[in-house]
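A.B. asks: fold the stuff below for me.
(one chain, ligands or ions: 1)
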Amino acid sequence: MTNNPKTMFNNIIGQDQIKIALTGAIKRNEVGHAYLFAGPGGSGKRTIAETFARAILCTGEEEKPCGVCKSCLLTQKHHHPDLMHVVPDKGNIKIETVREMMRYFADVPRLEHNRVIIIENSSRMTVQAQNALLKSLEEPEPGHVFILTAESAGALLPTIASRCQCFKLTPLNDTQMTAFLKEKGCPSDRVPAVIEESEGLPGHACQMMEEDTHDPLRDLAVSVIDDIQKGKRSSLFDFAEKAASEDDRGIGIMKHLLRFF
Ligand SMILES: [Zn+2]
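C.D. replies: Below you'll find the model as predicted:
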């Protein structure tokens with residue numbers, strides 16, 4: 001059996017200082033009880049948080065997460081009883097959700113020594129919810145680890161942020177983004193435009209590639225450019241008419257055209 005590269009720290013491009021700090025804490029068996037990963041949307045907070053959670057729960061002997069132990073396989077399937085992942089859908093994370101998390105971990109027996117709670121977009125916790133969480137951060141259960149993500153530490157109550165080890169994610173530089181896009185299979189002729197528009201945020205780059213694959217307006221733009229090159233200029237007027245009827249997506253359509261020109 002081989003390691004699943006998708007679960008490994010070394011498969012995350014960039015954020016070197018954070019990776020060094022987290023893998024060091026795992027190796028020395030010095031994982032703290034609360035972490036906060038801060039950065040803009042698309043910067044990779046969830047990937048770092050999930051990989052760190054896997055590493056904390058991993059029972060492999062060597063590099064963690066190993067990707068092959070029972071814990072790693074359960075976390076990959078999102079079935080690990082010692083990992084809870086809270087993702088606010090819309091609106092706030094209320095005090096009931098925090099109490100539910102605590103009840104779950106109080107009632108369900110542990111598979112291993114550690115337990116991890118990931119709270120994404122944790123600034124969506126209401127003040128009451130943050131205060132309820134604060135009690136757990138002040139008097140942590142042994143082996144319990146809280147991993148929060150937020151756009152910035154300042155978006156949380158200072159009492160919460162000050163009890164977390166805070167790590168700020170930085171945008172990828174062009175070299176890192178090129179490596180990331182290559183790994184994701186981005187066509188080489190698209191790489192410069194994706195780098196420019198995604199502003200070093202891998203999540204945004206993935207979104208752009210997704211739109212490339214599924215956006216019918218982009219396909220239409222490609223066919224118009226093709227027609228113009230063949231001297232069939234009337235296609236441009238058809239395209240303009242179509243674009244004008246898509247009020248909400250006007251900016252997206254203009255971006256497609258700009259990329260081509
Ligand atoms: Zn493992």
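
A.B. asks: Glu141 and Asn114: what is the separation?
C.D. replies: 10 Å (Cβ to Cβ, to the nearest Å). Where you see a C-beta, it was placed from the backbone N, CA and C, and this is true even at glycine.

A.B. asks: could you tell me which residues touch both of these two?
C.D. replies: Counting by Cβ atoms under 8 Å, 6 or more residues apart in numbering, no residue touches both Glu141 and Asn114.

A.B. asks: hang on, Ile117 in a strand?
C.D. replies: Yes - under DSSP: H, G, I helix; E, B strand; the rest coil, Ile117 falls within a strand.

A.B. asks: wait, doesn't it sit right on Glu100?
C.D. replies: No - between Ile117 and Glu100 there is no contact under Cβ atoms under 8 Å: 11.0 Å.

A.B. asks: between the two, who's got more neighbours?
C.D. replies: Set Ile117 next to Glu100 and count neighbours by other Cβ atoms under 10 Å: Ile117 wins out with 23 against 13.

A.B. asks: looking at this protein, which residue lies furthest from center?
C.D. replies: Gly231 (44.9 Å; Cα atoms, centre = their mean).

A.B. asks: so what's it up against?
C.D. replies: Gly231 touches nothing, counting by Cβ under 8 Å, 6+ apart.

A.B. asks: and the closest residue to Ser223 other than its chain neighbours, how far is that from Leu220?
C.D. replies: Nearest non-adjacent residue to Ser223, counting by Cβ to Cβ, 6 or more residues apart in numbering: Ser235, 7.1 Å away. Separation of Ser235 from Leu220 (Cβ to Cβ): 9 Å.

A.B. asks: and what of Glu183?
C.D. replies: Counting by Cβ to Cβ, the separation of Glu183 from Leu220 is 29 Å.

A.B. asks: which residues in this protein form strands?
C.D. replies: Along the chain, the stretches classed as strands by DSSP state E are 34-38, 83-86, 115-119, 144-150, 165-168.

A.B. asks: does Val68 really touch Gly60, like I thought?
C.D. replies: Yes - between Val68 and Gly60 a contact is recorded at 6.9 Å, counting by Cβ under 8 Å.

A.B. asks: alongside the ion, which residues does the stretch 1-150 of the chain contribute?
C.D. replies: For the stretch 1-150 of the chain, the residues in contact with the ion (Cβ under 5 Å from the ion) are Cys58, Gly60, Pro65, Cys66, Cys69, Cys72.
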